[in-house]
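Chemist: Sequence and predicted structure are below.
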Amino acid sequence: MTATIRKHRWDSWRGYLNGVKVAEFGNTPQQTAEESAKKWLEGQQRKATPQPRSSEAVVEIDCSGVAKYGYMTHPVFVKFYWDIQKDFSDHEFGRRVCVHEAAHALLMEADCIQNVRFLGPAIWFNQESKQFEGRGAMVLGDDMPPGTEITADLILNVSTHAAAGGVWLADVEGVVDAQGEERDYNDFLIRCGTTPPHLRTESPEQLWKRAKAAALKRLTEPRMKEKVPVRAEQYLAQLYGR
């Protein structure tokens, strides 16, 4: 059931399940009607969170971007949730995800991107497309400082970071990860669209090819090559709560 709340009048709020009024809240000495309604909604959303079925729930999935819209029991979301759990029940799949992200992260840190952190699986509801979207995992760093000059070298470095995960799996481990590389390439194309016109001296395909070559060279340097599996193990422990 989908839980929602609505203001009825200045001193009254109502709670609904699937559009049917099931609760009404007024002001009390302890809290306002709005506070009571929000507390009730939070309780309904907690009850609606998909519960682990025996040992199937193997990773924590951030569903806050679904819960805030009241869609935690939507059948499309529930299927999406358990599909992700099924993927990560294969620990080799989880290892590949973590190795992929470790390669991204280490090149980002080598190029002085600050506060690079690992974020696990998430599902959210896109209000514009009215679709549920998700990710397996990602690494995120702080934004570049204001006033950072955009140069050709910087563009190549950022592109190299994007290519790193797929390059490690394909060229170092010999693993085909078409879905992961497609996602990285699509993100890269979005960044290409923001490149200043005077720096667009080659096609995105040419830049991507150069970025992959640069990533392979950097990732296979002995010290860097040793670091990727170590960082992947750290991410694995975070992913599976070890």
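Modeler: Structure received. Not measured: the values here are computed from a predicted model.
Chemist: tally of neighbours for residue 125?
Modeler: For residue 125, the neighbour count with other CB atoms under 10 Å is 20. (Each C-beta comes from the backbone N, C-alpha and C, glycine too.)
Chemist: cool, the one 4 residues further on as well?
Modeler: Residue 129: 8 surrounding residues under other CB under 10 Å.
Chemist: Residue 180 now?
Modeler: Neighbour count of residue 180, defined by other CB under 10 Å: 20.
Chemist: what's the answer for residue 128, then?
Modeler: As a burial measure, residue 128 scores 5 neighbours (other CB under 10 Å).
Chemist: Now that we're looking at it, what pLDDT does it have?
Modeler: Residue 128 carries a pLDDT score of 92 in this model.
Chemist: From residue 211, how far off is residue 148?
Modeler: As for residue 148, its distance to residue 211 is 19 Å (criterion: CB to CB, to the nearest Å).
Chemist: brain fart, residue 23
Modeler: From residue 23 to residue 211 the distance is 55 Å (CB to CB).
Chemist: Of these two, give the one with the bigger neighbour count.
Modeler: The residue with more neighbours, out of residue 23 and residue 211, is residue 211; 23 against 16, by other CB under 10 Å.
Chemist: Excluding covalently adjacent residues, which one is nearest to the more buried one?
Modeler: residue 159 (3.7 Å; CB to CB, 6 or more residues apart in numbering).
Chemist: where does that neighbour land in three-state SS?
Modeler: Classification of residue 159 using DSSP: H, G, I helix; E, B strand; the rest coil returns helix.
Chemist: number of nearby residues for it?
Modeler: Neighbours around residue 159, by other CB under 10 Å: 22.
Chemist: For the residue in the chain sticking out farthest from the centre, what is the enclosing helix or strand?
Modeler: The outermost residue of the chain relative to its centre, with distances by CA atoms, centre = their mean, is residue 29 at 41.6 Å. Under the criterion DSSP states H and E, no helix or strand holds residue 29.
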